[in-house]
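**Q** Give me coordinates for this.
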Amino acid sequence: MSDEAPLVVEAEGETVGEAKWVGLRELERRYPGLDRESVTFEVISAGERGLLGVGTSPARVLARFDPATAPPAPAAQPATPRPRMDESDRAALVREMLEEIARALGADCAIDVEEAGESIAATLDGPDVAVMIGKRGKTIDSIQYLIGAAMASAGGEAPGQVTVDAAGYRDRREARLSDLAARSAEQTLRTGRAISLEPMTSVERKIVHMHLKDAPGIETHSEGDEPNRYVVVSPAGTD
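**A** Below you'll find the model as predicted:
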């Protein structure tokens, strides 16, 4: 039986479920091969909900794991990268940059790079993926911007679009933002009053704008300065 002290980490997320997921991933990083069923959670805060259900403060949990109750942990295995035989120079550059960033952040991540015409989509996965996502996706957005800028400055042919995702985060976040946009538009039409959403990154604001660009009777624009710039949803014709 192990005499190691129990591992306890504090984690946060937009919801209690997301905070638990982050805490579990951190425990797995510290103790590879742990039995997930032996992890317990204590909810510190369920988070405060703001306008239309958007959180104004994160949910926080304590994730606890006792090595004394777990079977011996296997040695951690490094992430196995995808074979690179068919990668272009552009795709290889994206992979190399992501490997350097992950190494700098101390994140063990598998990196998959797909090419479709001029577009490149990179996906990260692994036990440390939450580190690459960052709070509210700010880290993954910054990584995507950095790689896109590097590709654009590399010269040569047009760089095309570069997207960087981690464990399906962008799909989940886009679904939440699309739902927020739809509910905001519905409330605006019902009340006739504009709604100011919470501060968002430029990537998130674009999702809201695009979702509502053809919505009848609705206009959107952004106000404020970074990093507190936000979207305003208003009835059409009320500048």
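**Q** residue contacts, the residue nearest to the spatial centre of the chain?
**A** Nearest to the mean C-alpha position of the chain, by CA atoms, centre = their mean, lies Gly137 at 3.6 Å. Gly137 makes contact with Tyr169, Arg170, Arg173, Thr201, Val203, Glu204, according to CB atoms under 8 Å, 6 or more residues apart in numbering. Where C-beta positions appear, they are placed from N, C-alpha and C, glycine not excepted.
**Q** And the residue nearest to the first one when sequence neighbours are not counted, how far from Ser88?
**A** Just to be clear, that refers to Tyr169. Leaving aside its sequence neighbours, Tyr169 sits nearest to Ile133 (CB to CB, 6 or more residues apart in numbering; 5.2 Å). Distance, Ile133 to Ser88, by CB to CB, to the nearest Å: 27 Å.
**Q** hang on, the earlier thing: the residue nearest to Tyr169: how many residues sit nearby?
**A** Neighbour count for Ile133, taken as other CB atoms under 10 Å: 22.
**Q** Any stretches of the chain with poor pLDDT?
**A** Within the chain, the segments meeting pLDDT under 70 span 1-5, 14, 48-56, 68-86, 154-160, 238-239.
**Q** Can you show me the helices along it?
**A** Per DSSP state H, the chain carries helices over the ranges 16-30, 89-105, 129-133, 138-153, 169-191, 202-212.
**Q** Buried deepest among those helices, which one?
**A** Counting by mean count of other CB atoms under 10 Å, helix 129-133 has the highest mean neighbour count of these, with a mean of 23.
**Q** If you count contacts, what does that one end up packed against?
**A** helix 16-30, helix 89-105, helix 138-153, strand 162-166 (3 or more CB pairs under 8 Å, 6 or more residues apart in numbering; DSSP states H and E).
**Q** chain center to that helix: distance?
**A** Mean C-alpha position of helix 129-133 versus that of the full chain (CA atoms, centre = their mean, to the nearest Å) differs by 7 Å.
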